[in-house]
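In: I'd like to go over a predicted model; first the sequence, then the structure.
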Amino acid sequence: MLSGQKIVLGVTGSIAAYKSCELLRLLTKKGAVCSVIMTESAQRFVTPLTFKALGAKEVITSDWNDPEHTIPHIDATRDAALFLVAPATANILAKAAQGIADDVMSAAILARRCPVAFAPAMNINMWQNQATQRNVKQLMQDGAIILGPAAGEQACGDMGSGRMLEPTEIIELLEGAFSPRVLDRCRVLITAGPTFEPIDPVRGITNLSSGKQGFAIAKACALAGAEVTLVAGRTHLKTPAGVRRIDVTTAYEMYRAVMNEVSRHEVFISVAAVADWRIANPATHKIKKGYTSDTPELIFEENPDILASVASLENAPYCVGFAAETDNLIDNARAKVYRKRVPLIVANLVQDALGQDSNTVVFVERDQATPLARASKEQIAQALVAKIAQEVN
Ligand code: CTP
């Protein structure tokens, strides 16, 4: 989504300027074409050379003595898709709110025609000061995007609001701003990750699903404008921005959570690796070795098939399943299309996917199978969002 976008990164004089180096690196990695403008005080924290070395096309530091530009503050944002000021000090917010143009940064903000976003970074008292709050309100009224700030420990030792958002958080928000909203306001319910069936209070049966694909789909749906509910098995993955998350442990808990939620949703994407069986007789105390001479015996009972249960509802949402197979990929996946009565199964080989950041998948429908080139789980999520948008719109 950021690929090929021309972004101007404005760096002002805050200790958070060191985070802009990482921000620039991530933007460049995502394919954005970045130039940088630095204020004089920003250059006391980091140098223009740092940004150059990290891939900035150019670094503008002054309106004077710049042989490459006739009028740097005008040239800087020509054809830009976004002017992102990160970190944005209280000073630059005040200047931008008032239209002051007394250095290359503030003049470039005033001269731009593209949208502008500010990621504030300052001490909590400066952030909470009425003047700053008034300036932020004014900037928002003028159409500026304000990203953050976050709360937490500050460089000065104080605690509270004013920290610049982390570069990864800023990137996530920007991706949202650049995404086509092909699922605008569509309500999407997703399951992701592994389930865990207890044997006793300390042991259980689970699987190797990382949850990465399901979380990537939740993120892609949210970026496409959908209202996303994510029912997640045990995983340490971070909830994507704007996604409502319900944590569950067992397959039965996942089933109950999904059935509770499903009537409010138009799309259901079942990505979770759900245990087909649970232990019928989990022990309430830890099973001790040598307590009896017998080897413990586990009795299994079948879990409900969540996807098939949703697909058979009277007002079923558009359902997408996943099939992880070790062989006969297309045949096995197509059998699931019929058995679970779903229009689309995303099929992949276990050996291609589990725990990895990329995957090779095939979209299997009743009458066709469309293979996708090997791609990152994020790209697969985007391709799936495009496919779902086509089907439901
Ligand atoms: N699924 C589900 N509930 C279950 C089992 C599976 O919702 N109890 C969903 C998965 O989330 C996935 C699809 O069904 O979208 C296929 O899962 P998979 O484990 O590949 O298929 P199974 O139905 O379990 O069949 P098998 O184990 O025989 O391959």
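Out: Happy to help now that I have it.
In: low-confidence stretches in the stretch 151-300 of the chain?
Out: Judged by pLDDT under 70, the stretch 151-300 of the chain has its weakly predicted residues at 291-293.
In: strands of the stretch 251-393 of the chain, start to end?
Out: In the stretch 251-393 of the chain, the segments counted as strands under DSSP state E, counting those that start in this stretch are 267-270, 277-279, 300-302, 318-325, 344-349, 358-359, 361-364, 369-371, 375-376.
In: check those for me and report the most buried one.
Out: A comparison of the strands of the stretch 251-393 of the chain by mean neighbour count, using mean count of other C-beta atoms under 10 Å, puts strand 267-270 on top with a mean of 26. Quick note: C-beta positions are derived from backbone N, CA and C, even for glycine.
In: which helices and strands does that one pack with?
Out: In terms of contacts (3 or more C-beta pairs under 8 Å, 6 or more residues apart in numbering; DSSP states H and E), strand 267-270 is packed against strand 187-192, helix 212-223, helix 306-311, strand 318-325, helix 377-392.
In: swap in 10 Å and give it another go.
Out: strand 187-192, helix 212-223, strand 227-232, helix 251-261, helix 306-311, strand 318-325, strand 344-349, helix 377-392 (3 or more C-beta pairs under 10 Å, 6 or more residues apart in numbering; DSSP states H and E).
In: how about those in TSV, adding distance to residue 118?
Out: Below are the helices and strands packed on strand 267-270 laid out as TSV (distance: least, C-beta to C-beta, whole Å):
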stretch	distance to residue 118
strand 187-192	31
helix 212-223	21
strand 227-232	27
helix 251-261	36
helix 306-311	43
strand 318-325	38
strand 344-349	39
helix 377-392	27
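In: JSON lines for these, including distance to the ligand?
Out: Converted to JSON lines, these look like this (distance: least, C-beta to the nearest ligand atom, whole Å):
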{"stretch": "strand 187-192", "distance to the ligand": "6"}
{"stretch": "helix 212-223", "distance to the ligand": "9"}
{"stretch": "strand 227-232", "distance to the ligand": "11"}
{"stretch": "helix 251-261", "distance to the ligand": "6"}
{"stretch": "helix 306-311", "distance to the ligand": "3"}
{"stretch": "strand 318-325", "distance to the ligand": "3"}
{"stretch": "strand 344-349", "distance to the ligand": "7"}
{"stretch": "helix 377-392", "distance to the ligand": "12"}
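In: figure out which of these is closest to residue 87.
Out: Ranking the helices and strands packed on strand 267-270 by distance to residue 87, with C-beta to C-beta as the measure, places helix 212-223 first at 24.2 Å.
In: what's the angle between the closest one and strand 344-349?
Out: 140 degrees (axes from the mean of the first three to the mean of the last three C-alpha atoms, to 10 degrees).
In: what about helix 212-223, distance to the chain center?
Out: 7 Å (C-alpha atoms, centre = their mean, to the nearest Å).
In: go on, stretch 186-198?
Out: Chain-centre distance of stretch 186-198: 17 Å, with C-alpha atoms, centre = their mean.
In: quick one: the strands in the stretch 1-150 of the chain?
Out: Counting by DSSP E, counting those that start in this stretch, the strands of the stretch 1-150 of the chain are 6-11, 33-38, 59-60, 82-88, 116-120, 145-146, 150-153.
In: pretty sure residue 87 sits against residue 150.
Out: No - applying C-beta atoms under 10 Å as the test, residue 87 and residue 150 come out as separate, 11.8 Å apart.
In: neighbour count winner among the two?
Out: residue 87 (29 against 15; other C-beta atoms under 10 Å).
In: look up the closest residue to the more buried one, ignoring the ones flanking it.
Out: residue 121 (3.4 Å; C-beta to C-beta, 6 or more residues apart in numbering).
In: mutual contacts of residue 87 and residue 150, please.
Out: Common neighbours of residue 87 and residue 150, using C-beta atoms under 10 Å, 6 or more residues apart in numbering, are 119, 120, 121, 163, 164, 165.
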